[in-house]
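Visitor: make a model of this:
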Amino acid sequence: MSTTIRFLSSLAIITLATAQQSSLPATPLASKTGFSYPSNIPDKVDTDTGLIRGTQFGYNNCNSSTEGTSSLCQTSFLNALDDFCLWAPSKPDSIIADTEGEEVAWCTKPGRGTRLIPNGALQGVQFMKTSDYIQVVGFIDQSQINIKSDDPGGELDPHGADLRGNPMGGLAFSTAWTGKNDSYTQVIEWHNFMGGNTFCFKVCNPSKSHAADYCQHIFDRIGCAYNAPNSAKNGTFERCEGEVQDFPGVYTDASGATQTFSQPPEGVAPSPPYTPRVPASSNCVQFKSAELFSSIATVIPTSGPFASGGASFSAAASLSSSAAAKATGESGNGARVQADVMGALALGLASTLAGVVGSILFFA
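Guide: This is a model prediction of the structure:
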């Protein structure tokens, strides 16, 4: 073998090794804790450079100065039926599988520097509070938050194959465990499934020992039905209290033995051998969407079927923390020179995700 060939071979091996070493961050996103909202949020949580996926797409220090249709805020919230965010793309007609590392926060409350979910996009939402987690599950015209209308979607979580999260640098906060609408807890474990004009977003109480179990991130191809079993209904907006679900992927077989489902490799459609148990709920209170989303009543979609003339839906009054135990949210801090901004859920959705034929079962 000539000296030149040996040199090129060695260079190729070094290049490959360097590429492999450059995929993981010094600190995984799920280990970046200790942030407080709104007083202690960095401009970007992901500060790594030279890694395979590049740098963080957006920013985390957001407030009213960054709010609008071009906001790239990657700090999200889940507080109440009328106060939550969803991760979605920044550009119209996007595919979740193509943009998962770049999703931005779309929210139902102004003042935190995010994009706002357009009026009428939400078509039914169930908010569930349990001892270990809270979640919202529902129906949405996803084209109004830049997801291609026929995209079956996928999962967002704070892990990802390279541990940088999807989106990279995405943070989540909640007021659910403080008892105060202006006191936030950083959520370490969460998952958000988007696609098929449906969604589920669950955040797990970081003070509980099973946060990572309830907010599992390894069952990304079996959707909401198995990761967030629910009884949400299209056209219904309700707040409930509930029992906890079984850990995603864990079930009891016909003999009474506890089993754990293993998701097959990419290219093989997952077919779980069980029907997930939908936890019992209680104290459900239903609302009209107009009662919930008055603060986004004038938000006009910039993409989707209502983009040209705006949606013909209306909203009337937002919730407060007093009457009927209704909840509100608060605004953020910082400044940036940038004027930006399932009846019961149907079972199963089989489709192609990221070019691989799989089965995405969103709702039970």
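
Visitor: could I get the full set of helices for the chain?
Guide: Secondary structure of the chain (DSSP state H): helices at 3-21, 96-99, 211-214, 223-227, 289-292.

Visitor: by contact count, what packs against the third one?
Guide: The one in question is helix 211-214. strand 198-204 (3 or more Cβ pairs under 8 Å, 6 or more residues apart in numbering; DSSP states H and E). Glycine gets a C-beta too; all of them are placed from N, C-alpha and C.

Visitor: can you list phi and psi of the closest residue to residue 91 other than its chain neighbours for me?
Guide: Closest residue in space to residue 91, ignoring its immediate chain neighbours: residue 146 at 6.0 Å, by Cβ to Cβ, 6 or more residues apart in numbering. Note on residue 146: its backbone torsions stand at phi 70, psi 10 [degrees, to the nearest 10].

Visitor: name all residues that make contact with residue 146.
Guide: Residues counted as contacts of residue 146 (Cβ atoms under 8 Å, 6 or more residues apart in numbering) are 88, 89, 90, 91, 92, 93, 94, 303.

Visitor: do the same with residue 162
Guide: 23, 24, 25, 51, 52, 53.

Visitor: what is the neighbour count of the second one?
Guide: In terms of burial, residue 24 registers 15 neighbours under the definition other Cβ atoms under 10 Å.

Visitor: cool, the fourth one as well?
Guide: Residue 51 has 18 neighbours, counted by other Cβ under 10 Å.

Visitor: now do the same contact list for it.
Guide: 22, 23, 24, 25, 162, 164.

Visitor: the second one now?
Guide: The neighbours of residue 24, taking Cβ under 8 Å, 6+ apart as the test, are 51, 162, 163.

Visitor: dump these to TSV, plus pLDDT.
Guide: Compiled in TSV, the contacts of residue 24 are given as follows (pLDDT from 0 to 100):
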residue	pLDDT
51	96
162	97
163	98
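
Visitor: just the closest of those to residue 173, please.
Guide: Nearest to residue 173 among the contacts of residue 24: residue 163, at 20.5 Å, using Cβ to Cβ.

Visitor: ok so, going back, lowest average confidence across the helices of the chain, which one?
Guide: Lowest mean pLDDT within those: helix 3-21, at a mean of 46.

Visitor: residue ranges with poor pLDDT in the chain?
Guide: Filtered on pLDDT under 70, the chain yields the residue ranges 1-21, 305-306, 308-364.

Visitor: the closest residue to residue 236 other than its chain neighbours and residue 139, how far apart?
Guide: What sits nearest to residue 236 in space, not counting adjacent residues and going by Cβ to Cβ, 6+ apart, is residue 124, at 5.3 Å. According to Cβ to Cβ, to the nearest Å, residue 124 and residue 139 sit 4 Å apart.

Visitor: relative to residue 300, how far out is the residue nearest to residue 236?
Guide: 21 Å.

Visitor: between these two, which has more neighbouring residues?
Guide: residue 124 (20 against 16).

Visitor: contact partners for that one?
Guide: Applying Cβ under 8 Å, 6+ apart, the residues contacting residue 124 are 138, 139, 232, 233, 234, 235, 236, 237, 342.

Visitor: tell me which two of the residues you listed sit farthest apart.
Guide: Taking Cβ to Cβ, no two of these sit farther apart than 237 and 342, at 13.7 Å.

Visitor: pretty sure residue 253 contacts residue 272?
Guide: No - shown here, residue 253 and residue 272 do not form a contact pair, counting by Cβ atoms under 8 Å, at 11.7 Å.

Visitor: which one of those two is surrounded by more residues?
Guide: residue 272 (17 against 10).

Visitor: all strands for the stretch 151-300 of the chain, in order.
Guide: 154-156, 171-174, 185-187, 190-195, 198-204, 237-242, 250-252, 258-260, 281-287 (DSSP state E, counting those that start in this stretch).
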